[in-house]
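K.L.:
let me see the structure of the following:
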Amino acid sequence: MKFIIICGPQAVGKMTVGQELEKITELKLFHNHMTIELVSPFFDYGTEQGNRLVSLFRQEIFEEVAKSDLAGLIFTYVWAFDLQADWDYVHKIGHIFESKGGTVCLVELEADVEIRLERNKNPHRLLHKPTKRNTERSEKDLLSTMDKHRLNSYDGEIKKDHYLKINNSTIAPEEVARLIKERFQLL
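P.N.:
Residues are numbered from 1 along each chain as shown. Model prediction:
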């Protein structure tokens, strides 16, 4: 089983790349907003209740998939590399799959902020992420998160065998998915 974590800042294209990767592999996509959107009608993400519920749903899905006969899972995540808690979380969810004999593959996407601001308004993104439809608020969050946290790794910081970093500023999501499939020999 393969567990593909696609990380990167907001609006870098994690979900879209994950959708394209799902089309050309046997892996299922579990993008991070699937749980955020599920919980948001009741509790905003960022509140204690919202965070707790999102975490619980994700944990349960990871555990069930890890012990299933599925080929694997693609998960998207905004990783603040300056926060130890985020490093710990990535290790924790990876361990769920590794403990069942799975392989964790980490894909990091990066793109220029101007491109991300444009992608933030993309109708496809807004279709799948209702909480992002207030684009003024979403853009403000994108910029403030970027100011508060380091959302891409330093060169050489990730020391995993199964790691790929792609600047997808000018690369189509289909091509990025193909690169991921080839690099990690996905079925």
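K.L.:
alpha carbons only for contacts and neighbour counts from here, please
P.N.:
Noted.
K.L.:
what about the spatially closest residue to residue 59 that is not a sequence neighbour, how many residues nearby?
P.N.:
With sequence-adjacent residues excluded and distances taken as CA to CA, 6 or more residues apart in numbering, residue 59 is closest to residue 93, at 7.7 Å. For residue 93, the neighbour count with other CA atoms under 10 Å is 17.
K.L.:
tell me which element residue 93 falls in.
P.N.:
Element membership for residue 93, per DSSP states H and E: helix 84-98.
K.L.:
what residues does that helix touch?
P.N.:
Helix 84-98 is contacted from outside by 1, 2, 3, 59, 62, 63, 66, 79, 80, 81, 103, 104, using CA atoms under 8 Å, 6 or more residues apart in numbering.
K.L.:
most centrally placed residue in this protein?
P.N.:
Nearest to the geometric centre of the chain sits residue 76, at 1.5 Å (CA atoms, centre = their mean).
K.L.:
who's in contact with it?
P.N.:
Contacts here follow CA under 8 Å, 6+ apart; on that basis residue 76 touches 5, 6, 7, 14, 15, 18, 30, 31, 32.
K.L.:
quick check on the contacts of helix 84-98: which are buried?
P.N.:
The neighbour count (16 or more other CA atoms under 10 Å) marks 1, 2, 3, 62, 66, 79, 80, 81, 103, 104 as buried among these.
K.L.:
report pLDDT for the fourth one.
P.N.:
You'll see residue 62 listed with a pLDDT of 98.
K.L.:
neighbours of residue 61, just the number please.
P.N.:
11.
K.L.:
repeat for residue 31
P.N.:
With other CA under 10 Å as criterion, residue 31 counts 21.
K.L.:
SS state for the residue of the chain positioned farthest from its centre?
P.N.:
What lies farthest from the middle of the chain is residue 42; by CA atoms, centre = their mean that is 22.9 Å. Under the three-state scheme (DSSP: H, G, I helix; E, B strand; the rest coil), residue 42 adopts coil.
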